[in-house]
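1. Structure of the sequence below:
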Amino acid sequence: MSESSSPRTAHTFELSTAELLDIRGLLTRAFHGDFGDQDWDHSLGGVHALVYEDGVLVAHGSVIQRRVIHTRRSLRVGYVEAVAVRPDRRRRGLGGLVMDTLERVIDGAYEFGALSASDDGAELYRARGWQVWEGRIEALGPDGVVHLPDEEGSTYLRPAVNRPLPEPSGALIFDWRDGDVL
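-> So this is what the prediction gives:
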C-alpha cells in the first residue's frame, strides 16, 4: 500500500485550477458519473480536506456553511459535501482521514455538522457517531417552506464539541439552493 499523507486542508479560494480539476475528476469517477455541475457547486466555498498518495489525489471532502432554522433560531451549520475516495483505494481508512479533518472544522466553527448520506456512505458516518435526524426536514424555498420527505432518514447530524444537537421535536429548515437542496 502506498504511503498516505495527512490530509491537506484548503479553502476553495486557495486551490489552483489544476487542483480543482483533479478534485472534480475524482468526484466524477467516485460517483460513477453521477456528480453534476450543481453537486460540484455545492462542494465549493468552504474548507476542503484532500488526501494524496504518491502525489495523486485519492480522497476528498469539504465542509461548507449552511443556515438551518430550528425552533425559531437560525443556526450556522457545517454541511459536509463531496466525500469521495478513489474506487481502487476504498476500505483503507481514507474516508476516515477526510472525516477526521472535516469534523475538526465543524468542532471549531459550527453549532453542529450535517450531511445527506447515500446508502453506501451511511455506514462510515454511523460508525463515526453521526446520528440520523428523526424529525422533519424542510427547506426555505423561493415560495416558502417546503417539506422534503425524501431527505428524512438519510440526513445525519453530529454535535460539535460541547454543543448539543437540536431536539427532533421541531423541523430542521435548511437554506435553499439549486439542484438537490440537501
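
2. ok, now how distant is residue 56 from residue 25?
-> Distance of residue 56 to residue 25, given as C-beta to C-beta, to the nearest Å: 11 Å. C-beta: built from backbone N, CA, C; applies to glycine.

3. for residue 76, same thing?
-> 31 Å.

4. Likewise for residue 6?
-> 22 Å.

5. do the same with residue 13
-> 20 Å.

6. who's more crowded, these two?
-> The neighbour comparison of residue 13 against residue 25 (other C-beta atoms under 10 Å) goes to residue 25, with 11 against 7.

7. how far does stretch 159-166 stretch from start to finish?
-> Length of stretch 159-166, first residue to last, C-alpha to C-alpha, to the nearest Å: 9 Å.

8. Mind naming the longest strand for the protein?
-> Longest strand of the chain, by residue count under DSSP state E: strand 56-70.

9. helix or strand right after that one?
-> strand 73-85 (DSSP states H and E).

10. what packs against that next one?
-> If you count contacts as 3 or more C-beta pairs under 8 Å, 6 or more residues apart in numbering; DSSP states H and E, strand 73-85 packs onto helix 17-30, helix 37-42, strand 56-70, helix 94-109, strand 112-116.

11. could those go into CSV alongside mean pLDDT?
-> Below are those laid out as CSV (pLDDT from 0 to 100):
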stretch, mean pLDDT
helix 17-30, 96
helix 37-42, 96
strand 56-70, 97
helix 94-109, 96
strand 112-116, 97
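
12. Pick the most deeply packed of these.
-> strand 112-116 (a mean of 23; mean count of other C-beta atoms under 10 Å).

13. what angle separates that one from strand 73-85?
-> 50 degrees (axes from the mean of the first three to the mean of the last three C-alpha atoms, to 10 degrees).

14. Strand 112-116 pairs with which strands, and in what direction?
-> Strand 112-116 has its sheet partners listed here by DSSP bridges as strand 73-85 (parallel), strand 155-159 (antiparallel).

15. Turn those strands into CSV, including mean neighbour count, mean pLDDT and distance to residue 175.
-> Output for those, formatted as CSV (neighbours: other C-beta atoms under 10 Å; pLDDT from 0 to 100; distance: least, C-beta to C-beta, whole Å):
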stretch, mean neighbour count, mean pLDDT, distance to residue 175
strand 73-85, 21, 96, 9
strand 155-159, 21, 95, 14
